[in-house]
Every structure is written in structure tokens, then in C-alpha cells.
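1. Have a look at this fold, sequence not included:
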């Protein structure tokens, strides 16, 4: 509500209208110039309103078990936001055990020292001079790498052994505080932040990511070992964070032939978390995607797995559902083939 007038419109009310328009135009100008301004099309607005709106999000993708597809999901979800939907998106590779989110994106991190370690190194060096560890916008921008569209990547540490360097282990609180600064500062530039979190939440950066996230996608594969790992950490997460409300389960590499149903998964976990999304088993397509550095969601022919990831993204940014529908999924016979068949008939 910018203001109001009363009827009948006399000279005073007409003057009031003019001033209301001027004030509203100035306010709109200020909003558009703001770093957090989010432009949307009319179609997007209708779709968003129909789904009850949307909000900026920091989404952490996490599992205590390796090899369940965290990085694949993180990369494809970020690509859906930043390239398909053209929302400003930052993918943060915070996996301190095996940082490799750059590989499925085809980004060479060896060509320049721009990554999580160089960012920490800069912030700590500045902090030792000033006594305050503050992440400046230019430091974040200098270490983020553009992929395509509006998707940027903050690469992780180049080598696994670097997770044990003083920059990360000497001062646990400092390490967590700086990561919090990364998330908070990135909110001014990116509407959506996706964090690929490593499996060991005892590492300070992993724990900071879980704390800072608005939503945590718990990735689990349909097998007892993976489910046991999730079940084992839920009490600890609930104790330290106070609630499991922001944790959402993503059932990855799912196939009914594996002998376990989504209902079984929820029951196994005591109903503490519910299934937010289910991605079908597609090992060949996933490996081809990684080896060709072409995310599943950006390929011309969408696999069922890609469709489900886009649908998952649509739960955060509703217009993605419509974008996914426009993509080619399972193309039937072309015009020439149909004409051939008609003539033959």
C-alpha cells in the first residue's frame, strides 16, 4: 500500500494522486537499483502466485554417506536455477573431503587460484591486520567463477589435504564464522545459494553449512546401509539444531525393483523426515553427464532423472515446472517419419 485518495476527487485529491505516483516511482527506482532486486516476467509472476509465492533460499545438499549423488544433485539443481530459470545462483563446493563440483561443470580450477581456500586465505590475512574477519564483496566475487547463464561456482579446495591446513583447523570458530560470512554476503548478489556439503559434519565448514542453510536436502539411496547412516545422525542433528524442520529427504537412484518403497524409507527413519523428492535410477546417464561435463538438466533430451530434479527445483522456484515442460523429454517421430507412415498406410 503506497497511499490512498478519497472520492469525490476534488483538486486536493488530484494533487495527492500526483504526489503518490511520484513517490511510488522513486521507491520503485530505489528497489530496482538494490542488489537484492529480483526481476520476473508476467508469466513467472502468475506461476509464482499460483503456487503461493517463493523466497530466496540457501539450500545445503548433505548426506553422511559418500557416493549417494550429493554433488550430482547439487550441480544439476544449481544449473536448473541459474541456467534454465536464469535466477542468480551460487553453487558453493563446501565438501572438504572431495571437492569436485567443478568437474561435471567442465570448469578448470587449476588455471587460476580462485576457490574456497584462496577466499579463506584472503579473509584471514586481512583479519590479522585489522583484528576483524570480514568477507568483502570483492573477495567473494574474485573467487567465484561464472559457468553459464546466471550460475556462478565457488570452487572447493583444490587438494583434499588442504582441509587440514591452519586456515581451516587452527580456529574452529573463525572457520565457521567466515563460512557464515560467505552465505550472508552472497545473499546480496545471489537469489539462490546451493551448498554441496561433505559427509563428515564434525568438520567445521560442513557443520556451518548445515546451520546456515534455510533448507537441507538429505540425500539417501534406497539401501539399508545408507538409511542406517541417516537414522544414526538424526538424533544428533535434532539435539544441536533444536528441530529437524528444515531437513527434507531426497530419495536418489530409486527403483522399485530394489525391494524398498518410499513408505518403507519414511518408516525406517521413524517418520522424523519426509520424502521431498524422488530421483529414478539412471547410472549410465549420470556418468555420461559427468564425463561430458553437461549437466542432466541442460541436455536437449531430458531423462526421467533430469525431469525429477527440475521438479525438485520447482519446489523452491515454481516457474521451473513450466520451464521443464517446455524442454524436450521423449521426442516422438518427426514430421518426415509421420509423412512416410501416412503414405505407406
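-> On my side now, so go ahead. Keep in mind the model is a prediction, meaning the values are calculated, not measured. Residues are numbered from 1 along each chain as shown.
2. Name the spans of this structure whose pLDDT lies under the cut-off.
-> Confidence mapping of the chain against pLDDT under 70 gives the ranges 34-53, 324-345.
3. just checking, what packs against whichever strand in it runs longest?
-> Using DSSP state E to define each element, the chain has its longest strand at strand 247-254. Strand 247-254 is packed against strand 215-220, helix 224-241, helix 262-268, strand 275-280, with contacts defined by 3 or more C-beta pairs under 8 Å, 6 or more residues apart in numbering; DSSP states H and E. To be clear about C-beta, it is placed using only N, CA and C from the backbone, and glycine gets the same treatment.
4. Show me what it pairs with in its sheet, parallel or antiparallel.
-> Take DSSP bridges as the rule and strand 247-254 pairs in its sheet with strand 215-220 (parallel), strand 275-280 (parallel).
5. looking at the helices and strands packed on strand 247-254, which is closest to residue 201?
-> helix 224-241 (7.1 Å; C-beta to C-beta).
6. Flag every buried residue along that closest one.
-> 226, 227, 229, 230, 231, 233, 234, 237 (16 or more other C-beta atoms under 10 Å).
7. Quick check: closest non-adjacent residue to the last one.
-> Residue nearest to residue 237 in three dimensions, not counting chain neighbours: residue 244, with 6.3 Å by C-beta to C-beta, 6 or more residues apart in numbering.
8. where does the one you found land in three-state SS?
-> coil (DSSP: H, G, I helix; E, B strand; the rest coil).
9. My read is that it contacts residue 234, right?
-> Yes: Residue 244 is within contact range of residue 234, at 6.5 Å (criterion: C-beta atoms under 8 Å).
10. Mutual contacts of the two, please.
-> 272, 273 (C-beta atoms under 8 Å, 6 or more residues apart in numbering).
11. buried set for stretch 181-200?
-> Neighbour-count burial for stretch 181-200 [16+ other C-beta under 10 Å]: 181-183, 185-186, 189-199.
12. Contacts only, for the residue lying closest to residue 146 once chain neighbours are set aside.
-> Nearest non-adjacent residue to residue 146, counting by C-beta to C-beta, 6+ apart: residue 152, 5.5 Å away. For residue 152, the contact set (C-beta under 8 Å, 6+ apart) comprises 82, 89, 90, 91, 144, 145, 146, 190.
13. So the third one: helix, strand or coil?
-> Meaning residue 90. strand.
14. Distance check, it against residue 127.
-> Separation of residue 90 from residue 127 (C-beta to C-beta, to the nearest Å): 22 Å.
15. Looking at those two, which is more packed in?
-> Each of residue 90 and residue 127 has its neighbours counted (other C-beta atoms under 10 Å); residue 90 has more, 26 against 16.
16. and the gap between the nearest residue to that one once chain neighbours are set aside and residue 88?
-> What sits nearest to residue 90 in space, not counting adjacent residues and going by C-beta to C-beta, 6+ apart, is residue 190, at 4.2 Å. According to C-beta to C-beta, residue 190 and residue 88 sit 5 Å apart.
17. Run a quick neighbour tally on residue 147.
-> Neighbours around residue 147, by other C-beta under 10 Å: 21.
18. Just confirm it contacts residue 75, I think it does.
-> No: using C-beta under 8 Å, residue 147 is not in contact with residue 75, being 9.4 Å away.
19. What is the nearest of the contacts of residue 152 to residue 279?
-> Using C-beta to C-beta, the contacts of residue 152 come closest to residue 279 at residue 91, 17.9 Å.
20. Can you report how many residues neighbour the residue nearest to that closest one when sequence neighbours are not counted?
-> Nearest residue to residue 91 in three dimensions, chain neighbours excluded: residue 78, at 3.9 Å (C-beta to C-beta, 6+ apart). Neighbour count for residue 78, taken as other C-beta under 10 Å: 30.
21. Phi and psi next, for residue 78.
-> Torsion angles at residue 78 (phi, psi; degrees, to the nearest 10) stand at phi -60, psi -40.
22. for residue 58, same thing?
-> The phi/psi pair for residue 58 (degrees, to the nearest 10) is phi -110, psi 120.
23. From residue 185, how far out is it?
-> Residue 58 is 12 Å from residue 185, by C-beta to C-beta.
24. Name the residue closest to the centre of this protein, please.
-> The centre of the chain sits closest to residue 194, judged by C-alpha atoms, centre = their mean, with a distance of 2.9 Å.
25. how about it, what does it touch?
-> So residue 194 contacts 59, 61, 74, 77, 78, 81, 89, 90, 91, 92 (C-beta under 8 Å, 6+ apart).
26. In this structure the fifth one contacts residue 93, no?
-> So that's residue 78. No: the pair residue 78 and residue 93 does not pass the contact test of C-beta under 8 Å, sitting 10.3 Å apart.
27. Now the common contact residues for these two.
-> Shared contacts of residue 78 and residue 93, counting by C-beta under 8 Å, 6+ apart, come down to residue 153.
28. in the lengthiest helix in the chain, what's buried?
-> In the chain, with assignment by DSSP state H, the single longest helix is helix 11-33. By neighbour count with 16+ other C-beta under 10 Å, helix 11-33 contains the buried residues residue 16.
29. same deal with stretch 294-302?
-> 294, 295, 296, 297, 298, 299, 302.
30. Please apply the same query to stretch 308-325.
-> 308-314, 316-320, 323-324.
31. now swap in stretch 262-275 and tell me
-> Buried residues in stretch 262-275 (16+ other C-beta under 10 Å): 265, 266, 269, 273, 275.
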